[in-house]
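Engineer: Provide a 3D model corresponding to the input given below.
(2 chains, ligands or ions: 1)
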Amino acid sequence: MSLLEELYRETIMQHAQKPHNFGPLENPTVRVGGNNPSCGDQIELFLKLDGNVITEAGFTGHGCAISQSSASMMTDLIRGKTLDEALELERKFKAMVVEGQPPAPELGDLSALQGVAKLHARVKCATLAWNALEQAIEEVRSA
Amino acid sequence: MFEPETIKRDFPIFANNPDLVFLDSAASSQKPRSVIDAMTLYYERDHANVHRAAYALSMRATDAYEDARGKVARFLGADTDEIVFVRNATEALNLAAHAWGLNNLHAGDEILLTEMEHHANLVPWQLVAARTGAVIKAVPVTREGRLDLDAFDSLLSERTRIFSLTQMSNVLGTVNPVAELAAAAREKGALTVVDGAQAAPHLPVRVHELNADFYALSGHKMLGPTGAGALWGRREVLKKLPPFLGGGSMIEEVQLERSTYAPPPQRFEAGTPAIAEAIGLGAAADYLMELGMENVWMHDRQLVEYALDELSAVPDLILYGPRGEDRGGVVAFNLGSLHPHDLATALDEHGVAVRTGHHCAQPLHRRLNATASARASFYVYSTKSDVDRLVEALKKAREFFAGWL
Ligand SMILES: Cc1ncc(COP(=O)(O)O)c(C=O)c1O
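Structural biologist: Numbering: from 1, shown residues only, chains lettered A, B, ... in the order given. Have a look, this model is predicted:
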């Protein structure tokens, strides 16, 4: 399989074209923006919490297939998770795309993004939504 | 005869990367052997700090540095003492904006820019506007990708104190009618600053014929090293210009509480300059003058016409920028609704290096209704076969992403 085929799997392209949880949430608990200034990719992440648990997650913005699919799958995955669990997922996701470790089973569909690790230039795209998540959690906790 | 295949042999990067199709010269060009050698020779034979010592080695270094200034001056059709060495076009534009703007602009004065500016020619003026109360206006870009000259006429007024524009767009490839616009600005009493980062590498520049007051360039985009660029300033303007940075080399006499400043260009070169880089830039100017800038421009024109013809035949490809004599060797495009990053990754698989993103021109991309684009740019070593490889890779990418466009 070429690097390209490894990266642009069906799962990723489907999420990129019809992202899940796309659109702003009304009355979010927290809302943060993230962008990748080198390429202009932008995301706005919305979370609703019940105590420590993420009950809803949504996002808006624009970017490449990698950043959009990553945000789409991430917002699917973190729904129903506690903040600590979400941070743990972030750590595992980054271990996969930044350090090139094999995908942790909890990452589910996100394992489709493991090819990103081989493409240094695209790591920032894959982590854009996750960095916004980390920032959102920080904001909730410091509020 | 201008033979890009022969010229390519002067650039060691291509021997070391034989399969590379390098189409990102607008971001930074490759370097010929003569530039690399000039810098190495300087370090191996002539290095000492400049302007400060009476020993032979330092004088040799000073001569080499000043000689490079003379080469850049010749390249621009200017006088040697009008050339200020800076790091790059960004620093040159900041110098002009701060040294001139902060001392001459007042609340309500207008700074006229254009919608096709690189961020390097927007943000410095925004900083200066915020501090002086001056107001920024911008000439819009037409659907063809040219400046809207009617809008320019109505935006230019007695309130306009300074007009700053790019001579060539780094996204559209448009070459603006600078001489004509600068003459109109001068008539209203405004100075004109020209961002020559893209134009200087590609076309013959005679600063006085441009009716300009300042001209900024980056050495690394015109075959020189990173870290050396130049600001040309018209002598009468430079003479009255207060310093931007203070320190050694730019003074006449220093008291504890005040100093007097050296004449231009030294007044604007505080601290130890990038000596080897300036010498490299001088060697780059020599290389280009040897090729002849008329020939460089003709090569650019032929290649971009060829590229636009070939690219027009790729289905789903959206091309930006005008067609005509005022179009230089830059081609920005999008493939259907595919994000340019995904496209660039696919092109890279075929060894084709293009840039993607907003190319530091976000307002322009807003006008183009695109958040980003891919961009191929050409230079003296670019060949028709580079264009063919790009077209081939685009067709393959289109097949690969078929169904997702
Ligand atoms: C039109 C234009 N102006 C200014 C710049 C800034 O050049 P530098 O980053 O070398 O300062 C660039 C470089 O991309 C450019 O294309």
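
Engineer: can you give me the mean pLDDT across stretch A:113-124?
Structural biologist: The pLDDT scores in stretch A:113-124 average 92.

Engineer: which residues are contacting that stretch?
Structural biologist: Here stretch A:113-124 makes contact (CB atoms under 8 Å, 6 or more residues apart in numbering or on different chains) with A:3, A:6-7, A:12, A:36, A:38-39, A:64, A:66, A:69-70, A:73, A:93, A:96-100, A:102-103, A:125-126, B:341, B:345. Quick note: C-beta positions are derived from backbone N, CA and C, even for glycine.

Engineer: from the chain's centroid, how far away is it?
Structural biologist: The chain centroid and the centroid of stretch A:113-124 are separated by 14 Å under CA atoms, centre = their mean, to the nearest Å.

Engineer: residues contacting the closest residue to B:A73 other than its chain neighbours?
Structural biologist: Among residues not flanking B:A73 along the chain, B:T80 sits closest, at 4.5 Å (CB to CB, 6 or more residues apart in numbering or on different chains). Residues in contact with B:T80 (CB under 8 Å, 6+ apart) are B:66, B:69-70, B:73.

Engineer: check B:L338 too.
Structural biologist: B:L338 touches A:65, B:397, B:401, B:404-405, counting by CB under 8 Å, 6+ apart.

Engineer: what bridges to B:S373?
Structural biologist: B:G357 (DSSP bridges).

Engineer: on that earlier part again, can you tell me which of the contacts of B:T80 is closest to B:E252?
Structural biologist: When those are compared for distance to B:E252 (CB to CB), B:E66 comes out closest, at 18.5 Å.

Engineer: give the next helix or strand downstream of the helix or strand hosting that closest one.
Structural biologist: Following DSSP states H and E, one finds B:E66 within helix B:56-76. Using DSSP H and E, the helix or strand that follows helix B:56-76 in sequence is strand B:83-86.

Engineer: contacts for the helix or strand bottoming out on mean pLDDT in chain A next, please.
Structural biologist: Within chain A, no helix or strand scores below helix A:3-7, which has a mean of 86 by mean pLDDT, DSSP states H and E. By CB under 8 Å, 6+ apart, the surrounding residues in contact with helix A:3-7 are A:66, A:115-116, A:118-119, A:122, B:345-346, B:349, B:400.

Engineer: make a ChimeraX selection of the buried ones in these.
Structural biologist: With 16 or more other CB atoms under 10 Å in any protein chain shown as the criterion, this ChimeraX line picks the buried residues out of these:
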select /A:66,115,116,119,122 /B:345,346,349,400
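
Engineer: so which of the contacts of stretch A:113-124 sit within strands?
Structural biologist: Members of the contacts of stretch A:113-124 lying in strands (criterion: DSSP state E): A:N36.

Engineer: stretch B:380-398 and chain A, are they touching?
Structural biologist: No: remark: stretch B:380-398 sits outside contact range of chain A, by CB under 8 Å from any CB of the partner chain, the gap being at least 8.6 Å.

Engineer: so how far is A:R31 from B:L112?
Structural biologist: 37 Å (CB to CB, to the nearest Å).

Engineer: please apply the same query to B:F163.
Structural biologist: From B:F163 to A:R31 the distance is 41 Å (CB to CB).

Engineer: out of the contacts of helix A:3-7, who's nearest B:M1?
Structural biologist: B:E349 (34.7 Å).

Engineer: wait, the closest one touches B:D19, no?
Structural biologist: No: with contact defined as CB atoms under 8 Å, B:E349 does not count as touching B:D19 (11.9 Å).

Engineer: follow-up on the earlier one: the contacts of stretch A:113-124, buried ones only, as a ChimeraX selection?
Structural biologist: In ChimeraX, this line selects whichever of the contacts of stretch A:113-124 come out buried by 16+ other CB under 10 Å:
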select /A:7,12,36,39,64,66,69,70,73,93,96,97,103,125,126 /B:341,345
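
Engineer: quick one on the thing from earlier: B:L112 and A:R31: which is more packed in?
Structural biologist: Neighbours per residue, other CB atoms under 10 Å in any protein chain shown: of B:L112 and A:R31, the larger number sits with B:L112, 26 against 18.

Engineer: secondary structure element holding the residue nearest to the more buried one when sequence neighbours are not counted?
Structural biologist: Spatial nearest neighbour of B:L112, chain neighbours left out: B:F163 (4.4 Å); criterion: CB to CB, 6+ apart. Here B:F163 sits within strand B:160-166, counting by DSSP H and E.

Engineer: touching the ligand at all, that strand?
Structural biologist: Yes: residues of strand B:160-166 contacting the ligand under CB under 6 Å from any ligand atom: B:T166.

Engineer: for that strand, packing partners?
Structural biologist: Contact analysis of strand B:160-166 by 3 or more CB pairs under 8 Å, 6 or more residues apart in numbering or on different chains; DSSP states H and E lists strand B:110-114, helix B:178-187, strand B:191-195 as its packing neighbours.

Engineer: what's the burial count for the residue lying closest to B:T62 once chain neighbours are set aside?
Structural biologist: Of all residues not flanking B:T62 in the chain, B:V50 sits nearest, at 4.4 Å (CB to CB, 6+ apart). By the criterion of other CB under 10 Å, B:V50 has 21 neighbours.

Engineer: re earlier: can you tell me which of the contacts of stretch A:113-124 are in helices?
Structural biologist: The helices, defined by DSSP state H, take in A:3, A:6-7, A:12, A:66, A:69-70, A:73, A:93, A:96-97, A:125-126, B:341, B:345 from those.

Engineer: what's the burial count for B:R235?
Structural biologist: Every residue meeting other CB under 10 Å relative to B:R235 is counted, giving 12.

Engineer: so it is in contact with B:D81, correct?
Structural biologist: Yes: judged on CB under 8 Å, B:R235 makes contact with B:D81 at a distance of 7.2 Å.

Engineer: quick check: neighbours shared by those two?
Structural biologist: Joint contacts of B:R235 and B:D81 (CB under 8 Å, 6+ apart) are B:P264.

Engineer: three-state assignment of the nearest residue to B:S377 once chain neighbours are set aside?
Structural biologist: Nearest residue to B:S377 in three dimensions, chain neighbours excluded: B:A26, at 3.5 Å (CB to CB, 6+ apart). Per DSSP: H, G, I helix; E, B strand; the rest coil, the secondary structure class of B:A26 is coil.

Engineer: quick one: residues contacting B:A26.
Structural biologist: Here B:A26 is in contact with B:170, B:198, B:221, B:330, B:355, B:359, B:375, B:377 (CB under 8 Å, 6+ apart).

Engineer: can you list contacts of whichever strand or helix holds B:S34?
Structural biologist: Using DSSP H and E, B:S34 maps to helix B:33-41. Contacts to helix B:33-41, defined as CB under 8 Å, 6+ apart, come from residues B:10-12, B:223-225, B:276-277, B:279-280, B:282-284, B:286-287.

Engineer: in helices, which of those fall?
Structural biologist: B:12, B:276-277, B:279-280, B:282-284, B:286-287.
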